[in-house]
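Peer 1: Fold the following and give me the result.
(chains A, B and C)
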Amino acid sequence: MKLSVRTLLKCSLSLLCGANAVSAAEVQVAVAANFTAPMQAIAAAFEEDTGHKAVVAFGATGKFYAQIKHGAPFEVFLAADDKTPAKLEAEGDVVPGTRFTYAIGTLVLWSAKASYVDAKGEVLKSGDFRHLSLANPKTAPYGAAAMAVLDKLGVTSSLQGRMVQGENITQAHQFIATGNAELGFVALSQVYKDGKLTSGSGWIVPADFHDPIRQDAVILTKGKNNPAAAALVAYLKEARAATIIRAYGYEL
Amino acid sequence: MIGEAEILLEMSECARTGVVTMNRAQEKGIHARFQVRYPGFALDVDLHLPGRGVTALFGHSGSGKTTCLRCVAGLEQAGIGLLEVNGECWQDSAAGVFVPTHKRPLGYVFQEASLFPHLSVRRNLEFGMKRVASSTRKVSWGQAVDLLGIGHLLERMPDNLSGGERQRVGMARALLTSPRLLLMDEPLAALDLKRKQEILPYLERLHDELDIPVLYVSHSPDEVARLADHVVLLDQGRVVAQGGLVETLARLDLPTAFTEDAGVVVEAVVGDHDDQYHLTRLDFEGGSVLVARRPEAFGQRLRFRVHARDVSLARVPAERSSITNVLSAVVMEVVDADTPAHVLVRLDASGTPLLARITRRSADQLAVSTGERLWAQIKTVALLG
Amino acid sequence: MGPLDHVDLAAIWLTLKLASVTTVLLLLIGTPIAWWLARTRSRLKGPIGAVVALPLVLPPTVLGFYLLVAMGPNGFVGQMTQSMGLGTLPFTFAGLVVASVFYSMPFVVQPLQNAFEAIGNRPMEAAATLRAGPWDTFFNVVLPLSKPGFVTAGILGFAHTVGEFGVVLMIGGNIPEKTRVVSVQIYDHVEAMEYTQAHWLSGGMLLFSFLVLLALYSSRLKQNWRG
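Peer 2: Numbers count the residues shown, from 1 in each chain, chains lettered A, B, ... in the order given. Below is the predicted model of the structure:
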């Protein structure tokens, strides 16, 4: 297949102008890092089904909050928690009535090594690992949930010197994936696809070990008049999106 | 076994003589053989130099004289080299001997003094001196400071010295390492005429008062004539001539590059002063000349230079001529000069060589030929110092 | 100090410690590298100079990621440190020091290299003819003559290490008093929407950076006056 110069020119022109068709529109979306993989699949399906294009930025929820407060051009926000969207709503940065829970996160204690983590997470009490990785509990919901699990198991103080924190759940995963931490708490979506772990070994933490990790989405004030923004939020509630979300290990 | 023997024989003279260095310690002299090759330039010299007095490495820029000096100092390492100084082996590439610069007992005066800018004059002088064992110090602090007249500069920083002062400090700094060989790379070239005149007397005192052999690089015939005892003429990286100053400068077989300004140097002593006419008589082997009154005392040694272009020839001594200095001399050789209109005539004035540059026409009219005795009329002599 | 708690103060102290250790190490390691780069005619000069300069253009996260992989238990550095009984370097202060040395290397090597090149050969030749051996010459001629270069290198190395973020983020693990430096702490405050502390720390960094550069440029100005 050959791309002609003209096609390339057309493509870049349409990118520059930002709109390529009358009915199809673009929507700028800020998405929590843990939702990266499912969102990529959903964005593709969304464009296929509606013709609208979702331009997605992935990152930390706290960072997005600061950016949104300072005029970032996001129209839809898929947060990693329910607090941040609620705060934005209270502060009047959200189109009223659009907040909803698009996924409930599942925490997994994961190791890149096969059969390192047992089915009950006993390794936390007995293991001789040097580093346990988790997301910063102060800023990341998955980190807070991980701390709740450790508290419930009563191992928080015994593991104090061995915990290392990633700034977000992506980095927590990176520490484990590179072998620098033997195990750690990550989002199931990061290591799970089509109903099973993609690699390594893990203990899927039962939902009652911590407060549910509700991940809420909102349409931001900037997206008020963008039909694509409304379409995306509607699409997230449809069956095809739900299937994708579940396939990555989230609850609904 | 045969191969091994050959290798041993290949080991050059320096390494082998190294074994008998003790016996040869008295042997004065410098033997230097260097082959250095750079893009666009090659140096290939084999020098046998006296182990005392001033030897000038003389040639135009690009002739390789500075490279040669740097080889002696060990600042250039490339190529093949052999260097023996008064019986000591400093370098023998065939035997893998290379004494690094800082272990060679030499002094080096650079063209631009190269004082350490972060040290005062005093600390510059001390730099080399401190690094020489006190038992081997032959030049005292006072001697060096007085000889070069820098006592009043000691607390100054190099930035606050004139070019001439810097150069004198550089010389004193080199002397204070009590070198067994002093290398000077055009120490006057960066200075104007006035500064040169200021330094030359110091250099002469150095020559007269210290028994340190000096290798002196220069492209100035006057400097060479004034300071050198021995001269090596270099051209395009090769030695054109080497020998005593007087004999070498009087040679006629040198390339034209050296004959444009041909002339001889005469060593003389002050014979008499004539107060009435304000003249001084200088005596030398084979005659004497009268020059304007000199400040030097009776019996003092002086050098003067007679340019070939200032010497004319006559069959009979000119009467009623304004030319004072006329010497009887025998024609030794006649050769072509730098232009077709001239010839160079080498003469012997009872032991003192002279050169005359005359027109070919005059030579024919006078029928100048080898063995003839003529009168050499000297228009001017250039006194050196 | 105002709204800064002991965690913030610990981060400041750790940052200063990291920058000091890194700067000392960098001057020790950077000097021979800069010397070699300034003197060599080797063909390797280009490639080595480019490697040293890489952190100038590389995103710190790239450097951090490679260090994380290389120093991890399966990386070649990690294998080496483990076989030496040192364990692995990520999440340790020593690991941060190693990373900072790489990260700030060009800021130390380049001023030194410039200083050495500016000296030229002549002072060293002069020293050699005055019986000074190579080390003697280095300490008594080269070092004093390149003092301004060392001052610049030290200040830039220190300041740049203080400002390091991406690399620490990648290999630090945010452990209080071990790897939680000021820049990470600021990031955490922003993430946690604790803007007051973020402002205090950020303002402090800004002031510090300005003062460092002010000192540097003023001293350069003075040199120009003298020269």
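Peer 1: Which of the three states applies to B:Ala56?
Peer 2: strand (DSSP: H, G, I helix; E, B strand; the rest coil).
Peer 1: From B:Ala225, how far off is it?
Peer 2: 9 Å (C-beta to C-beta, to the nearest Å). For every residue, glycine as well, the C-beta is placed using N, CA and C.
Peer 1: Compare the two (neighbour count), which wins?
Peer 2: A direct count of neighbours by other C-beta atoms under 10 Å in any protein chain shown for B:Ala56 and B:Ala225 places B:Ala56 higher, at 27 against 24.
Peer 1: For chain C, see how far away that one is.
Peer 2: Distance of B:Ala56 to chain C, computed by C-beta to the nearest C-beta, to the nearest Å: 20 Å.
Peer 1: coming back round to it: need the residues touching each of B:Ala56 and B:Ala225.
Peer 2: Common neighbours of B:Ala56 and B:Ala225, using C-beta atoms under 8 Å, 6 or more residues apart in numbering or on different chains, are B:Leu245.
Peer 1: for chain B, which helix is longest?
Peer 2: When chain B is parsed with DSSP state H, its longest helix is helix B:193-209.
Peer 1: what does chain C give?
Peer 2: The residue-count maximum for a helix in chain C (DSSP H) belongs to helix C:6-39.
Peer 1: Can you list the helices and strands that that helix packs against?
Peer 2: Applying 3 or more C-beta pairs under 8 Å, 6 or more residues apart in numbering or on different chains; DSSP states H and E, one finds that helix C:6-39 makes contact with helix C:45-57, helix C:93-119, helix C:147-162, helix C:182-191, helix C:195-226.
Peer 1: what's the neighbour count on the residue nearest to A:Asn168 when sequence neighbours are not counted?
Peer 2: In this structure, A:Asn168 finds its nearest non-sequential neighbour in A:Ala60, 4.5 Å apart by C-beta to C-beta, 6 or more residues apart in numbering or on different chains. Neighbour count of A:Ala60, defined by other C-beta under 10 Å: 24.
Peer 1: and the gap between A:Ala60 and C:Leu96?
Peer 2: Per C-beta to C-beta, A:Ala60 is found 22 Å from C:Leu96.
Peer 1: I'd assumed B:Gly170 was in a helix, is it?
Peer 2: Yes - B:Gly170: assigned to a helix according to three-state DSSP.
Peer 1: Count the residues that sit near it.
Peer 2: Neighbour tally, B:Gly170, other C-beta under 10 Å: 26.
Peer 1: That one reaches B:Gly107, doesn't it?
Peer 2: No - if you go by C-beta atoms under 8 Å, B:Gly170 and B:Gly107 don't touch, sitting 9.7 Å apart.
Peer 1: so what's residue 250 closest to, chain neighbours aside?
Peer 2: As the question left the chain open, I've gone with chain A. Distances taken as C-beta to C-beta, 6+ apart place A:Ala103 nearest to A:Tyr250, at 4.0 Å, with adjacent residues excluded.
Peer 1: try again with chain B
Peer 2: B:Ala250 sits nearest to B:Pro353 (C-beta to C-beta, 6+ apart), 3.7 Å away.
Peer 1: shaky segments in the stretch 251-385 of chain B?
Peer 2: The model of the stretch 251-385 of chain B has pLDDT under 70 over residues B:252-260, B:385.
Peer 1: mind listing the strands for it?
Peer 2: B:263-274, B:279-284, B:287-292, B:301-307, B:311-314, B:325-336, B:342-349, B:352-359, B:373-378, B:382-384 (DSSP state E, counting those that start in this stretch).
Peer 1: what packs against the fifth one?
Peer 2: Just to be clear, that refers to strand B:311-314. Checking 3+ C-beta pairs under 8 Å, 6+ apart, strand B:311-314 ends up next to strand B:352-359, helix B:360-366, strand B:373-378.
Peer 1: one step back: how about the contacts made by the residue nearest to A:Tyr250?
Peer 2: Neighbouring residues of A:Ala103 by C-beta under 8 Å, 6+ apart: A:35, A:38, A:215, A:245, A:250-252.
Peer 1: In helices, which of the residues you listed fall?
Peer 2: When DSSP H is applied, the contacts of A:Ala103 are split such that A:38, A:245 fall in helices.
Peer 1: hmm, back to that, mean pLDDT for the helices and strands packed on helix C:6-39 - can I get that in JSON lines?
Peer 2: What follows is the helices and strands packed on helix C:6-39, written out as JSON lines (pLDDT from 0 to 100):
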{"stretch": "helix C:45-57", "mean pLDDT": "92"}
{"stretch": "helix C:93-119", "mean pLDDT": "93"}
{"stretch": "helix C:147-162", "mean pLDDT": "92"}
{"stretch": "helix C:182-191", "mean pLDDT": "84"}
{"stretch": "helix C:195-226", "mean pLDDT": "81"}
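Peer 1: These into CSV, with extra columns for distance to chain B and mean neighbour count?
Peer 2: Formatted as CSV, those follow (distance: least, C-beta to the nearest C-beta, whole Å; neighbours: other C-beta atoms under 10 Å in any protein chain shown):
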stretch, distance to chain B, mean neighbour count
helix C:45-57, 19, 13
helix C:93-119, 10, 22
helix C:147-162, 8, 21
helix C:182-191, 38, 22
helix C:195-226, 9, 13
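Peer 1: Dump those into JSON lines; add distance to B:Lys194 as well.
Peer 2: As requested, the helices and strands packed on helix C:6-39 are exported to JSON lines (distance: least, C-beta to C-beta, whole Å):
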{"stretch": "helix C:45-57", "distance to B:Lys194": "45"}
{"stretch": "helix C:93-119", "distance to B:Lys194": "31"}
{"stretch": "helix C:147-162", "distance to B:Lys194": "35"}
{"stretch": "helix C:182-191", "distance to B:Lys194": "64"}
{"stretch": "helix C:195-226", "distance to B:Lys194": "29"}
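Peer 1: What sits closest to residue 114 if chain neighbours are left out?
Peer 2: You didn't say which chain, so I picked chain A. Residue nearest to A:Ala114 in three dimensions, not counting chain neighbours: A:Ser201, with 5.5 Å by C-beta to C-beta, 6+ apart.
Peer 1: could you do chain C instead?
Peer 2: If you skip the residues right next to it in sequence, C:Asn114 has C:Gly149 as its closest partner in space, 6.4 Å away by C-beta to C-beta, 6+ apart.
Peer 1: if I look at that neighbour, how far off is chain A?
Peer 2: With C-beta to the nearest C-beta as the criterion, C:Gly149 and chain A are 37 Å apart.
Peer 1: cool, and B:Ile323?
Peer 2: As judged by C-beta to the nearest C-beta, B:Ile323 and chain A stand 93 Å apart.
Peer 1: Run a quick neighbour tally on that residue.
Peer 2: Each residue near B:Ile323 was counted by other C-beta under 10 Å, and the total is 14.
Peer 1: what's the nearest residue to it once chain neighbours are set aside in contact with, if anything?
Peer 2: Leaving out its chain neighbours, the residue that sits closest to B:Ile323 by C-beta to C-beta, 6+ apart is B:Gln377, at 4.7 Å. Applying C-beta under 8 Å, 6+ apart to B:Gln377 gives the contacts B:311-314, B:318, B:321, B:323, B:325-326.
Peer 1: let's see it at 6 Å
Peer 2: Contact analysis of B:Gln377 by C-beta atoms under 6 Å, 6 or more residues apart in numbering or on different chains lists B:312, B:323, B:326.
Peer 1: all helices for the stretch 1-150 of chain A, in order.
Peer 2: A:5-17, A:36-50, A:61-69, A:83-90, A:123-126, A:141-153 (DSSP state H, counting those that start in this stretch).
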